[in-house]
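**Student:** One predicted model, sequence on top.
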Amino acid sequence: MVAEGDAAPAFDLEGSDGKRHSLPEFKGKYLVLYFYPRDDTPGCTTEACGFRDSIDEIKKRGAEVVGVSKDSFDSHARFRGKYKLNFLLLSDPDSNVIKAYGAYGSRGIFGMGTLRKTFVIDGRGNLAKIYDKVSPKEHPGEIIKFLDSIG
């Protein structure tokens, strides 16, 4: 299990832009890496649209937002287009990165799968903040408050 202060687990995943992305490309800025169960479901859409609407405020604070789920590149492309999402989504079809971050487990009546968790990674690649419980509607505001507290 990862903890605040630990080095963030490495990743190298295909993005919704058709390119591969890895942790080192975000060096020098904060990365808001959020994990979510599935594209185009109610809670995941609420959270994604909240990040979309807050992206300028988050970027002003020196951070990038990246979402991760096990959905395919094509699913991500449809999801981004439908809701005009203005940030990168990464596909982790085997859940290897999801598991490395501890964002995989029991989802109650939905069985085992991706948990809604967020990790704020600092410019050196360390976990600055972990959100184990996320309210999709309020979460982007929580991220902005945290970035303000460290800024």
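**Tutor:** Thanks, I have the structure now.
**Student:** what bridges to the residue most central in space within the chain?
**Tutor:** Nearest to the geometric centre of the chain sits residue 34, at 1.8 Å (C-alpha atoms, centre = their mean). Per DSSP bridges, the residues bridged to residue 34 are residue 67, residue 118.
**Student:** What pairs with the lowest-mean-pLDDT helix or strand in the chain, parallel or antiparallel?
**Tutor:** Least confident helix or strand, the chain: strand 112-114 with a mean of 84, by mean pLDDT, DSSP states H and E. Strand 112-114 pairs in its sheet with strand 104-106 (antiparallel), by DSSP bridges.
**Student:** Checking the residue lying farthest from the centre of the chain next. Helix, strand or coil?
**Tutor:** Taking C-alpha atoms, centre = their mean, the residue of the chain most remote from its mean C-alpha position is residue 109, at 23.2 Å. Under DSSP: H, G, I helix; E, B strand; the rest coil, residue 109 falls in the helix class.
**Student:** So what's the gap between the least confident helix or strand of the chain and the chain middle?
**Tutor:** 15 Å (C-alpha atoms, centre = their mean, to the nearest Å).
**Student:** tell me which residues in it are buried?
**Tutor:** Judged by neighbour count using 16 or more other C-beta atoms under 10 Å, the buried positions of strand 112-114 are 113-114. To be clear about C-beta, it is placed using only N, CA and C from the backbone, and glycine gets the same treatment.
**Student:** Residues contacting it, please?
**Tutor:** For strand 112-114, the external contacting residues (C-beta atoms under 8 Å, 6 or more residues apart in numbering) are 35-38, 69-70, 95, 98, 103-107.
**Student:** could you pull out the helices for this protein?
**Tutor:** 42-60, 73-83, 96-100, 139-150 (DSSP state H).
**Student:** Adding distance to residue 114, mean neighbour count and mean pLDDT, write the ones you listed out as CSV.
**Tutor:** CSV is the format used below for those (distance: least, C-beta to C-beta, whole Å; neighbours: other C-beta atoms under 10 Å; pLDDT from 0 to 100):
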stretch, distance to residue 114, mean neighbour count, mean pLDDT
helix 42-60, 10, 16, 97
helix 73-83, 13, 16, 95
helix 96-100, 5, 18, 97
helix 139-150, 15, 16, 96
